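Visitor: Quick check, what structure comes out for this input:
(one chain, ligands or ions: 1)
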Amino acid sequence: MSETAEQYYADRDDFVRYIIEKVNPARKDAGLNEIDRTTAETCFRILYDFQSKDAVRPSVMRVAREMEAVLKENDHKGGWQNCPMEYLRDRLHQEVRELDRALLDGDPKNITKECIDVANFAMMLRDNCGA
Ligand SMILES: [Mg+2]
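Guide: Numbers count the residues shown, from 1 in each chain. Purely as a prediction, here's the structure:
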């Protein structure tokens with residue numbers, strides 16, 4: 001769902017037109033009356049509120065997919081469930097240092113790789129912390 005108010009309103013207008021066309025195609029070219037518009041906008045608001053509660057932002061989904069790809073490449077190592085917290089902590093610190101160097105070098109591809117490494121070790125610590 002939209003992340004900006006401007007996109008929200010663009011989505012809403014598209015949604016209103018879509019609903020009217022589905023509910024009453026004959027009215028499509030006749031123009032919308034106030035009831036059509038109010039009904040469709042109410043539908044859009046309900047759908048928007050419903051999706052917003054559980055929506056995962058596109059940026060978070062992209063990072064999650066990149067994290068999963070790296071985890072899959074390393075499946076042969078047997079996972080992190082039995083790794084001591086101290087080991088994971090040390091690896092996280094090592095990856096943060098690698099990210100710091102990548103940021104200084106400025107190569108976006110390497111920055112991305114190291115961000116994902118940091119995220120994965122943070123995830124492993126979170127996964128194993130017992131909460
Ligand atoms: Mg790394």
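
Visitor: Pull the contacting residues for the residue nearest to residue 121 when sequence neighbours are not counted.
Guide: Closest residue in space to residue 121, ignoring its immediate chain neighbours: residue 92 at 4.0 Å, by Cβ to Cβ, 6 or more residues apart in numbering. The C-beta positions use only the backbone N, C-alpha and C, and glycine is treated the same way. Contact partners of residue 92, counting by Cβ atoms under 8 Å, 6 or more residues apart in numbering, are 118, 121, 122, 125.

Visitor: who touches the closest residue to residue 81 other than its chain neighbours in this structure?
Guide: Residue nearest to residue 81 in three dimensions, not counting chain neighbours: residue 128, with 6.7 Å by Cβ to Cβ, 6+ apart. Taking Cβ under 8 Å, 6+ apart, we find residue 128 in contact with 80, 81, 83, 85, 88.

Visitor: Return the distance of the first one relative to residue 52.
Guide: Yep, that's residue 80 we're talking about. Here residue 80 is placed at a distance of 32 Å from residue 52 (Cβ to Cβ, to the nearest Å).

Visitor: before we move on, which element is the closest residue to the ion within the chain in?
Guide: Ranked by Cβ to the ion, the top residue of the chain for proximity to the ion is residue 117, at 3.7 Å. Counting by DSSP states H and E, the element that carries residue 117 is helix 108-128.
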